[in-house]
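*Asks:* For reference, the sequence and a predicted model appear below.
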Amino acid sequence: MSTTTPQRSAATDEAPTRTAPARKVRRRGENSLAGTITSHGILTLASLIALFPIAWLVYLSLGPDKDDYLHPGRIFGKMTFDNYSFVLQHTPFFDWLWSTLVVSLGTTFIGVLVAATTGYAVSRMRFPGYRKFMWVLLVTQMFPVAVLMVPMYEILSELQLIDNYFGLILVYCSTAVPYCAWLLKGYFDTIPFEIDEAGRVDGLSPFGTFARLILPLAKPGLAVAAFYSFITAFGEVAFASTFMLSDTKYTFAVGLQSFVSEHDAQRNLMAATAVLVAIPVSAFFYLVQKNLVAGLTAGGTKG
């Protein structure tokens, strides 16, 4: 007994000690597998919800009959592009397209120009009442369309701008400029004032400094303002249907109403036109999408 006991103790001492495997520590910001699957699943579901109305509109536009929306299951067996050919050939679609582009691009150019100069002036210059001026611009957004309709109609009638593209552009600018001025003022506040001083040292005038130094740095903010102005004019109905009297001067939003009357509703043609209408907006969004996120986030940091 006495001889075996030391041997066992020695064997026990020589045996390598076993350590438990180290627990993997998740780094900060690193998601677990379950969290990754959950987040991807939620994003996929949200994407499907967002894309479903567009896919449904395209699907209804392929139905040949005006009542196919009541029985959508029957469309799959008789899909056709006849609705698109009818809209392009037998409706004033291209007149609506021209009117919409003239009004939307005119509103975008004039609105962004006025809003940029206004926002820059308030951001850099301290004239009497500059704070009250910005609040006045904000208060103008509180009035509903129905309240503004009658006085605007009287003003445009006195200026002989009823049924005129320029008159409708001015009306849309009255809506787009206040918001864009606030947006660009906040973005100009993020640009260092030393850039203006460097421009003055180089002999530039205030307008030269604004045009040659500030505007190139403000492209993201200008892109957001341009997109908002374009969408404001592109999809508006109330002002366009009131101030534009000629059928050939209707915008897309007003032209869509021609497919619905008191006793008839050609919803298949309306769906096809709506799909065609979405093409210019998608193209414009594609052009400015790179600067949208940067402009929205930077414009809200100061103000």
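*Replies:* That came in fine, so what should we check first?

*Asks:* what ranges do the helices span in the stretch 201-303 of the chain?
*Replies:* Taking DSSP state H, counting those that start in this stretch, the helices of the stretch 201-303 of the chain run over residues 206-209, 215-217, 219-234, 238-243, 252-255, 267-298.

*Asks:* how about these in CSV, adding mean pLDDT and mean neighbour count?
*Replies:* C-beta coordinates here come from the backbone N, C-alpha and C atoms, glycine included. Formatted as CSV, the helices of the stretch 201-303 of the chain follow (pLDDT from 0 to 100; neighbours: other Cβ atoms under 10 Å):
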stretch, mean pLDDT, mean neighbour count
helix 206-209, 86, 14
helix 215-217, 88, 13
helix 219-234, 89, 23
helix 238-243, 90, 19
helix 252-255, 86, 22
helix 267-298, 78, 17
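
*Asks:* To residue 42, which of those helices lies closest?
*Replies:* helix 267-298 (20.4 Å; Cβ to Cβ).

*Asks:* what is the orientation angle of the closest one with helix 219-234?
*Replies:* Orientation check (axes from the mean of the first three to the mean of the last three Cα atoms, to 10 degrees): helix 267-298 against helix 219-234 gives 150 degrees.

*Asks:* For burial, what's the neighbour tally of residue 65?
*Replies:* Per other Cβ atoms under 10 Å, the neighbour tally for residue 65 reads 15.

*Asks:* how close does residue 55 sit to residue 212?
*Replies:* Residue 55 is 46 Å from residue 212, where distance means Cβ to Cβ, to the nearest Å.

*Asks:* Name the residue in those two with the higher neighbour count.
*Replies:* Per other Cβ under 10 Å, whichever of residue 55 and residue 212 has more neighbours is residue 212, with 13 against 10.

*Asks:* leaving aside the residues next to it on the chain, what's closest to that one?
*Replies:* Spatial nearest neighbour of residue 212, chain neighbours left out: residue 204 (6.6 Å); criterion: Cβ to Cβ, 6 or more residues apart in numbering.

*Asks:* distance of that neighbour from residue 149?
*Replies:* 44 Å.

*Asks:* follow-up on the earlier one: please look at the residue nearest to residue 212 and residue 197 and confirm they touch.
*Replies:* No. Counting by Cβ atoms under 8 Å, residue 204 does not reach residue 197; the two are 10.6 Å apart.

*Asks:* quick one: which of the two has more around it?
*Replies:* More crowded of residue 204 and residue 197, by other Cβ under 10 Å: residue 204, with 16 against 11.

*Asks:* List phi and psi for the more buried one.
*Replies:* phi -80, psi 150 (degrees, to the nearest 10).

*Asks:* Return the distance of it relative to residue 131.
*Replies:* Taking Cβ to Cβ, one finds residue 204 at 27 Å from residue 131.

*Asks:* repeat for residue 218
*Replies:* On the measure of Cβ to Cβ, residue 218 and residue 131 end up 21 Å apart.

*Asks:* Tell me where the protein is predicted with low confidence.
*Replies:* 1-31, 262, 291-303 (pLDDT under 70).

*Asks:* Next, residue 154: secondary structure please.
*Replies:* Of the three states, residue 154 takes helix under DSSP: H, G, I helix; E, B strand; the rest coil.

*Asks:* Count the residues that sit near it.
*Replies:* Here the count is done by other Cβ under 10 Å, and residue 154 has 10 residues near it.

*Asks:* residues contacting residue 62?
*Replies:* With contact set as Cβ atoms under 8 Å, 6 or more residues apart in numbering, residue 62 has these partners: 75, 79-81, 83.

*Asks:* Kindly recompute the last result at 10 Å.
*Replies:* Going by Cβ atoms under 10 Å, 6 or more residues apart in numbering, residue 62 touches 68, 75-76, 78-84, 268, 271-272, 275.

*Asks:* List the ones among those that fall in helices.
*Replies:* 82-84, 268, 271-272, 275 (DSSP state H).

*Asks:* Would you format these as TSV with distance to residue 62 included?
*Replies:* Formatted as TSV, the ones in helices among the contacts of residue 62 follow (distance: Cβ to Cβ, whole Å):
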residue	distance to residue 62
82	9
83	7
84	9
268	8
271	9
272	8
275	10
